[in-house]
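In: What would the 3D arrangement of this be:
(chains A and B)
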Protein chains: 2
Amino acid sequence: MDPDAVVKAFVDHYYATFDNNRAELAGLYRDCSMLTFEGQKIQGGQNITAKLTSLPFATCKHQISTLDCQPSAGGVLVFVSGALQVNDEKHLLRFSQVIPFGLFCMLSFASFHLMPVETGIFYVQNDIFRLIYV
Amino acid sequence: MDPDAVVKAFVDHYYATFDNNRAELAGLYRDCSMLTFEGQKIQGGQNITAKLTSLPFATCKHQISTLDCQPSAGGVLVFVSGALQVNDEKHLLRFSQVIPFGLFCMLSFASFHLMPVETGIFYVQNDIFRLIYV
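Out: Coordinates of the predicted model:
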């Protein structure tokens, strides 16, 4: 399978989950996962999910502009940039709600010793999120 | 030594080298290094250096806004965002020359089997560069 297609499918799934049901992101992190969110370091899938589900907006929508990936250390390195729209803002200030962001994820292959017939399943090992201010 | 301080020193060194003598970046990549520059994939330190030294501007200056790092797969994962000013533009359009960018480097410890007394020396294993358009 084309590695780029696998990563694109993962990223599409990640943001669809983020935008529609953040609590389900729990399935994409592990105890060993790390998130750095706007400079705040958070360790472990449970803490990461707690952080992401507590972000102070009711709705959000990620618009991906670029997606790059490279094989790295037995996993895949992914860099995503795009814009983030929160709370369905429709008034004139909505453009200030569309914020460029940079997201980096180090995706590692999940351990398959429990399900050896499956391949191409990922979890997020490292995750760095930053809003980009111009 | 504080890992964050080591990474900051490396990043400062990387951009000082980039802005003052791009050819010397060759010392920071290896044959196994990969660069994705604005979507173009380039393999190997020699090809990467050739690409970086051929970028079509006489001078450039990186202004770092954020720097994040995490330990990952025996190395360090680094995400830098900031602005890039090229050709010392001083006229009114200079602000259009200051371009937000996102850079991700996967830094791995260099092999020290030849110099076992040295520690904390890095090379760039993976490098993804993107200009961020608002």
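In: and the gap between residue A:131 and residue B:66?
Out: To residue B:66, residue A:131 is 9 Å away according to CB to CB, to the nearest Å. Heads up, the C-betas are built off the backbone N, CA and C, glycines and all.
In: So for the two, which sits in the more crowded spot?
Out: The neighbour comparison of residue A:131 against residue B:66 (other CB atoms under 10 Å in any protein chain shown) goes to residue B:66, with 18 against 13.
In: so what's the backbone phi/psi at the closest residue to that one other than its chain neighbours?
Out: Distances taken as CB to CB, 6 or more residues apart in numbering or on different chains put residue B:81 closest to residue B:66, at 4.8 Å, once the chain neighbours are dropped. The phi and psi torsions at residue B:81 (degrees, to the nearest 10) take the values phi -130, psi 150.
In: Repeat that for residue A:24.
Out: phi -80, psi -10.
In: What of residue A:40?
Out: phi -90, psi 120.
In: list the contacts for the closest residue to it other than its chain neighbours?
Out: Spatial nearest neighbour of residue A:40, excluding adjacent residues (CB to CB, 6+ apart): residue A:51 at 7.7 Å. Residues counted as contacts of residue A:51 (CB atoms under 8 Å, 6 or more residues apart in numbering or on different chains) are A:35, A:37, A:40, A:42.
In: and residue A:51, which of the three is it?
Out: helix (DSSP: H, G, I helix; E, B strand; the rest coil).
In: try residue A:11
Out: helix.
In: right, and it touches residue A:62 too?
Out: No - judged on CB atoms under 8 Å, residue A:11 makes no contact with residue A:62 at a distance of 9.5 Å.
In: I'd like the distance between the residue nearest to residue A:40 and chain B.
Out: Distance, residue A:51 to chain B, by CB to the nearest CB, to the nearest Å: 15 Å.
In: what does residue A:69 give?
Out: For residue A:69, the distance to chain B - CB to the nearest CB - is 8 Å.
In: Ok, residue A:124 next?
Out: Distance, residue A:124 to chain B, by CB to the nearest CB: 11 Å.
In: tally of neighbours for that residue?
Out: 22.
In: Nearest spatial neighbour of the residue of chain A found nearest chain B, chain-adjacent residues omitted?
Out: When scored by CB to the nearest CB, chain A has residue A:73 as its residue closest to chain B, at 3.5 Å. Nearest residue to residue A:73, sequence neighbours excluded (CB to CB, 6+ apart): residue B:73, at 3.5 Å.
In: And the pLDDT at the residue nearest to residue A:40?
Out: Looking at residue A:51, its pLDDT reads 95.
In: Could you do the one 3 residues further on as well?
Out: Taken from the predicted model, the pLDDT recorded for residue A:54 is 94.
In: same thing with residue A:109?
Out: 50.
In: what about residue A:62, which helix or strand?
Out: strand A:60-72 (DSSP states H and E).
In: wait, residue A:76
Out: Using DSSP H and E, residue A:76 maps to strand A:75-86.
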